[in-house]
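K.L.:
Quick one: sequence plus predicted model below, questions after.
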Number of protein chains: 2
Amino acid sequence: MRAANLGLVLRTVCAADERPSRADIAAATGTTRATAARLADDLVAAGLLDEVERTPTARRGRPATPLAPGSRFAALGLQADAALLVARVLDLRGRVVAERVEDGDFAGSEPGPTLDRLGALAARLVADLPPDLHLVGAGLALPGIVDVATGSLLRAPNLGWSDERPAERLARWLPPGLVPLLGNEADLAARTVAEAGPGRPGTHRDFLYLSGQIGVGGAAVLGGRVMTGSSGWAGEVGHVCVDPDGPACRCGSTGCLEQYAGRDALLAAAGLPRGTAPAVLAERAAAGDPAAGAALDTAAWALGIALAGALNVLDIPVVVLGGHLGELGDLLCPRVADHLARRVLSARWRRPTIASAANGPGAGATGAALRALEDVLADPAAWLGRPDVPA
Amino acid sequence: MRAANLGLVLRTVCAADERPSRADIAAATGTTRATAARLADDLVAAGLLDEVERTPTARRGRPATPLAPGSRFAALGLQADAALLVARVLDLRGRVVAERVEDGDFAGSEPGPTLDRLGALAARLVADLPPDLHLVGAGLALPGIVDVATGSLLRAPNLGWSDERPAERLARWLPPGLVPLLGNEADLAARTVAEAGPGRPGTHRDFLYLSGQIGVGGAAVLGGRVMTGSSGWAGEVGHVCVDPDGPACRCGSTGCLEQYAGRDALLAAAGLPRGTAPAVLAERAAAGDPAAGAALDTAAWALGIALAGALNVLDIPVVVLGGHLGELGDLLCPRVADHLARRVLSARWRRPTIASAANGPGAGATGAALRALEDVLADPAAWLGRPDVPA
DNA sequence: GACGATTTGTTTTGCACTAGAACAATAACC
DNA sequence: GGTTATTGTTCTAGTGCAAAACAAATCGTC
């Protein structure tokens, strides 16, 4: 019971927009001030909560001491994708404590050396961290099908990797005991939309996230929780069939969404070379280039069909576009919205909306760190009396 | 805390395959015998658990007194659909205590009179119940889009009803205080697959349920829980687009699954009149009738495309067919399975399976009762000291 | 500048519930 | 018939919360 209440208090502080006092916590959780204070004291003693400086307020009564999530607890988020390696440390308050990014072309790369480069990046980042910072966990975002339970990457088409176990390789570069948990890039990036910080609700709580990489990944978020499905690869909208007579896809099916809205497919349809930035495509379309316009129309049409099916099945009213699709959001959103209004069954009662994500590149790394920090919020009692944590 | 533990004990007894003793409960819940016994005693006193006759066993030691879910607690499940009215009473053990069924043609009927017929049916059923049986709730399954929160039926195309509030009308026929909760027929029918009885897990825990009525409804079940989505109409596979150039659907879109696998669409394609029983279609196909075979092929093709998309999005490995699709399962399943194996992204690692549901007609009514009984399992403390319950 | 008002945080007391252990009951085994 | 094994009950101690009283710190007012 105490374990449950400790979690409740910690999550209340994390979820709050302003720094709450002990009395605020009591009011929010429905317990008495006495109970809330005792729980909060324990969390402060463990470093999971900090008593921060009180801001001058013109209110009568004894001034409150505001509480904030502990700044000495943090997690490491890693991401490897076709063009980017990211290592990022996020603390319990959701602040980026440290970050290192490396550009490159890792499509078709050897998994081992690439993971070593990411590991070295992470090792340098961790070495420079303040000594009193405690890393409670790590996560790794990968653009592919991941078996979360066994920690193996089954297939990452963009990287050209299959049947890898990257966690062990990375763990060699990290402090002992810190083994990164694998996660699908789209699932983890979706977290950055669902959560503004650890335990703090983001702009949307129910949405379908589309991650525009070379292909199209996706994740469904319901009630603020990323739907994992029964084996953890739910939300894969990229391979929903848009036209059974369409072009063959490398997944074995035909006419998949990816063949119309994937980055390479979009660029090819617009007559642009493979590596072109999405912004160039947007410029061309805005300037009236007919090929670019047609490519975007086709992508919007395909997105409309695939997303309508997904929204019908999931009963979700909101779509958030990330990656290259997010960059093209201004052009895509209005067109897709028209298709959705026509094809979504519940559109009559509640019009579906579609918007771009505000998360930048490397959102998967942030999401991986959020995922690791979630363990602390779920059961703070486990972190209470630990001697290895700096008190 | 006690409320939580009471629920835990009750759910443990319901979930068990054999009738557990107090000691079994202690072992299953992880509490001590003393605690489990005290909680069980309270539940027995309230009638939520029954001490049943012990079966002779050749085991040493003091014989155990087996506990079973209370047989005096039950719920009323109702269902109205285009050809059937059902009223059914299910007790906490999952047994059908009483049942009344009325055939008819209610497609395009006036909502009021039809609801009155169902109400009268329910009233006769309730009147004949044993006097010590306590009805804890009621549910109504309707084939359409339902707003569970406000209790209104937005649209039921098969019945031709719109914007109805059937609960009030039915409540007039029922004992005071018993207001049926609305639910989508497919959602509730899916429950009968997910749960073998109240709180007892069924054959599958993660599956997509397809309810073949005049149209095609659906429900997604994850971890034994029916996914409601953000407004309660998740799982609507019937209006996933199979072919953007296909026939127009009354939902406003084109080429919906329903236009290929709905009952009327199937019969029309096979050259059979509208009211024909699905069994006749199966016979014809088995006898080598080319039109019937082609109709089934088309339906299987459409199901393959729509279901593959849904399975990709939901990451569910199992499809269960109910209604007329279930009756045609022997013919449909093998054909659909082929399509799924080719189009589902994760099929390489885990082959999707598809099977017919074993639930008979009126599964929605059973599901509605299960739904109502779930309230008791969720918080038995609320039913503990109630004077209106026969002790 | 003293006093009351007001809000926060702490201490004290009582209560509800569980854990643990000892004890009583019952039936098979030797 | 005694022993052993298993179930159910009783008793005591301990944990953690609620409620209420109390101490602390600031603002407003005379």
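P.N.:
Alright, I've got the coordinates. This is a predicted model, so every value here is computed, not measured.
K.L.:
and the one helix or strand in chain A whose mean pLDDT sits lowest, what other elements does it pack with?
P.N.:
Of all regular secondary-structure elements in chain A, judged by mean pLDDT, DSSP states H and E, the least confident is strand A:145-147 with a mean of 87. The criterion is 3 or more Cβ pairs under 8 Å, 6 or more residues apart in numbering or on different chains; DSSP states H and E, and the helices and strands that strand A:145-147 contacts are strand A:152-156, strand A:181-184. From N, CA and C alone the C-beta is placed, and that goes for glycine too.
K.L.:
let's see it at 10 Å
P.N.:
Using 3 or more Cβ pairs under 10 Å, 6 or more residues apart in numbering or on different chains; DSSP states H and E as the contact criterion, the elements in contact with strand A:145-147 are strand A:152-156, strand A:181-184, helix A:185-194.
K.L.:
With residue A:277 as the reference, measure out to the residue in the stretch 251-391 of chain A that chain B sits nearest to.
P.N.:
Among residues of the stretch 251-391 of chain A, the one nearest chain B by Cβ to the nearest Cβ turns out to be residue A:315. It sits 2.4 Å away. Residue A:315 sits 35 Å away from residue A:277 when distances are taken as Cβ to Cβ, to the nearest Å.
K.L.:
Of the two, which one has the most company?
P.N.:
Ranked by neighbour count (other Cβ atoms under 10 Å in any protein chain shown), residue A:315 and residue A:277 place residue A:315 first, with 23 against 13.
K.L.:
any idea which element the nearest residue to the more buried one once chain neighbours are set aside lies in?
P.N.:
On the basis of Cβ to Cβ, 6 or more residues apart in numbering or on different chains, the spatially nearest residue to residue A:315 that is not a chain neighbour turns out to be residue B:229, at 2.4 Å. Assessed by DSSP states H and E, residue B:229 sits outside every helix and strand.
K.L.:
How many neighbouring residues does residue B:229 have?
P.N.:
The local packing of residue B:229 (other Cβ under 10 Å) involves 24 other residues.
K.L.:
And the pLDDT for it?
P.N.:
For residue B:229, the pLDDT comes out at 77.
K.L.:
and it, what does it touch?
P.N.:
Neighbour list for residue B:229: A:206, A:220, A:222, A:311-317, A:346, B:187, B:219-220, B:235-236 [criterion: Cβ atoms under 10 Å, 6 or more residues apart in numbering or on different chains].
K.L.:
ok, of these, which one's closest to residue A:323?
P.N.:
Residue A:323 lies nearest to residue A:220 out of these, by Cβ to Cβ, at 16.4 Å.
K.L.:
and the gap between that closest one and chain B?
P.N.:
Counting by Cβ to the nearest Cβ, to the nearest Å, the gap from residue A:220 to chain B is 7 Å.
K.L.:
Contact partners for that residue?
P.N.:
Remark: with contacts taken as Cβ under 10 Å, 6+ apart, residue A:220 is in contact with A:186-187, A:190, A:206-209, A:226-229, A:234-237, A:310-311, A:313-314, A:316, B:227, B:229, B:313-315.
K.L.:
try 8 Å
P.N.:
When contacts are counted by Cβ atoms under 8 Å, 6 or more residues apart in numbering or on different chains, residue A:220 touches A:207, A:208, A:209, A:226, A:227, A:234, A:235, A:310, A:314, A:316, B:313, B:314.
K.L.:
Quick check: helices, which of those residues are part of them?
P.N.:
Of these, the ones assigned to helices by DSSP state H are A:310, A:314, B:313, B:314.
K.L.:
Could you export the residues you listed as JSON lines, including neighbour count and pLDDT?
P.N.:
Putting the ones in helices among the contacts of residue A:220 into JSON lines (neighbours: other Cβ atoms under 10 Å in any protein chain shown; pLDDT from 0 to 100) gives the following:
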{"residue": "A:310", "neighbour count": "27", "pLDDT": "89"}
{"residue": "A:314", "neighbour count": "28", "pLDDT": "89"}
{"residue": "B:313", "neighbour count": "29", "pLDDT": "87"}
{"residue": "B:314", "neighbour count": "28", "pLDDT": "89"}
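K.L.:
thinking again about what came up before, and the residue of the stretch 251-391 of chain A closest to chain B, how far from DNA strand D?
P.N.:
For residue A:315, the distance to DNA strand D under the criterion Cβ to the nearest atom of the strand, to the nearest Å works out to 36 Å.
K.L.:
So residue A:364: helix, strand or coil?
P.N.:
When the structure is reduced to helix, strand and coil (DSSP: H, G, I helix; E, B strand; the rest coil), residue A:364 reads as helix.
K.L.:
I meant to write residue A:245 there.
P.N.:
In the three-state summary, residue A:245 is assigned as coil, counting by three-state DSSP.
K.L.:
you'd agree it is up against residue B:242?
P.N.:
No: applying Cβ atoms under 8 Å as the test, residue A:245 and residue B:242 come out as separate, 11.7 Å apart.
K.L.:
Could I get the full set of strands for the stretch 201-350 of chain A?
P.N.:
All strands of the stretch 201-350 of chain A, identified by DSSP state E, counting those that start in this stretch, fall at A:207-212, A:216-222, A:225-226, A:318-322.
K.L.:
Next, the angle strand A:216-222 makes with the first one.
P.N.:
Strand A:207-212 runs at 160 degrees relative to strand A:216-222, counting by axes from the mean of the first three to the mean of the last three Cα atoms, to 10 degrees.
K.L.:
who does strand A:207-212 touch, helix- and strand-wise?
P.N.:
Under the contact criterion of 3+ Cβ pairs under 8 Å, 6+ apart, strand A:207-212 touches helix A:185-194, strand A:216-222, helix A:290-314, strand A:318-322, helix A:323-327.
K.L.:
And these: which comes nearest DNA strand C?
P.N.:
Nearest to DNA strand C, of all the helices and strands packed on strand A:207-212, is helix A:185-194, at 29.9 Å by Cβ to the nearest atom of the strand.
K.L.:
mean confidence for the closest one?
P.N.:
Rounded to a whole number, the mean pLDDT of helix A:185-194 is 96.
K.L.:
what's the burial count for the residue of chain A found nearest DNA strand C?
P.N.:
The shortest separation between chain A and DNA strand C is 2.3 Å, found at residue A:61 (distances taken as Cβ to the nearest atom of the strand). Summarising burial for residue A:61: neighbours were counted as other Cβ under 10 Å, giving 7.
K.L.:
before we move on, what about residue A:105?
P.N.:
Neighbours of residue A:105 (other Cβ under 10 Å): 10.
K.L.:
What of the one 5 residues further on?
P.N.:
Under the neighbour criterion other Cβ under 10 Å, residue A:110 is assigned a count of 12.
K.L.:
For it, what are phi and psi?
P.N.:
Backbone torsions of residue A:110, given as degrees, to the nearest 10, read phi -70, psi 130.
K.L.:
Can you tell me how far it is from DNA strand D?
P.N.:
Shown here: residue A:110 relative to DNA strand D, a distance of 52 Å by Cβ to the nearest atom of the strand.
K.L.:
For that residue, which residues are in contact?
P.N.:
Residues counted as contacts of residue A:110 (Cβ under 8 Å, 6+ apart): none.
K.L.:
Apply 10 Å and report the result again.
P.N.:
Applying Cβ under 10 Å, 6+ apart to residue A:110 gives the contacts A:116, A:159, A:160, A:161.
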